[in-house]
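K.L.:
task: produce atomic coordinates for the following.
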Amino acid sequence: MKDKIRMKTSLSKEIHALLNTQVALEAKSSAIYLAMAGFCDQLGYENSTEFFLIQSDEERQHMLKIFKYISDVGGTPISPEVTGVPQEFGGFRGVFEAALEQEIEVTKSINEILSAAYKQGDHATANFLQWFVKEQQEEEFTARKRVELFDIIGEEGIGRYMIDQKIPDISPPESEAEPETIP
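P.N.:
A predicted model of the protein is given here:
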């Protein structure tokens, strides 16, 4: 009986597949950030290691949020296989450039799902994805600011040490107040 009930979902096949692809992308992002933490640890950058460990956990939480949404609306979430995780990042700056590229890739994917949801009139999924749109704005901003530290501080002398010290200090800009809803 449960199988017949589970077959009923408001998700189109396209949105269902895109959401499961996003689950896999978030899982891979989590694994990549974990590899980045290991890379920074090997270089001795404690703050950067901690930052990437936190990012890894955040990406896993994003994966679980989408996984649960698929299940809650009657879809079939798929636990992804994660392969192809890089272990080298071309140096200290390279690891942060790779993080920015990773966030841009995730943003593009979220936007693709959102566009498909709007096109299909899937307002529930579009509403669900709004949190991710805001989250990705913040993630890209902070990733970009971390890369900019390399140009502002420079890597010569104690530059890399100073960059590592600044990594935890970067936070997204203050967002505007949420619009009030009328009951």
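
K.L.:
what strand or helix carries the residue most central in space within the chain?
P.N.:
The residue lying closest to the centre of the chain (C-alpha atoms, centre = their mean) is residue 59, at 5.0 Å. If you go by DSSP states H and E, residue 59 is part of helix 46-72.

K.L.:
now that helix: buried residues?
P.N.:
By 16 or more other C-beta atoms under 10 Å, the buried positions in helix 46-72 come out as 47-49, 51-53, 55-56, 58-60, 62-63, 66-67, 69-70. For every residue, glycine as well, the C-beta is placed using N, CA and C.

K.L.:
helix or strand right after the least confident helix or strand in the chain by mean pLDDT?
P.N.:
Least confident helix or strand, the chain: helix 2-6 with a mean of 50, by mean pLDDT, DSSP states H and E. Using DSSP H and E, the next helix or strand after helix 2-6 towards the C-terminus is helix 13-43.

K.L.:
quick check: which ranges of this protein have low pLDDT?
P.N.:
Residue ranges of the chain with pLDDT under 70: 1-7, 175-183.

K.L.:
the closest residue to residue 170 other than its chain neighbours: neighbour count?
P.N.:
Distances taken as C-beta to C-beta, 6 or more residues apart in numbering put residue 145 closest to residue 170, at 4.8 Å, once the chain neighbours are dropped. Neighbourhood size, residue 145 [other C-beta atoms under 10 Å]: 19.

K.L.:
what helix or strand does residue 145 sit in?
P.N.:
helix 123-153.

K.L.:
and what of residue 78?
P.N.:
Residue-wise, residue 78 maps onto no helix or strand under DSSP H and E.

K.L.:
these two touch, right, residue 92 and residue 42?
P.N.:
No: with contact defined as C-beta atoms under 8 Å, residue 92 does not reach residue 42; the gap is 10.8 Å.

K.L.:
okay, those two: which has more neighbours?
P.N.:
Higher neighbour count among residue 92 and residue 42: residue 92, with 19 against 10, using other C-beta under 10 Å.
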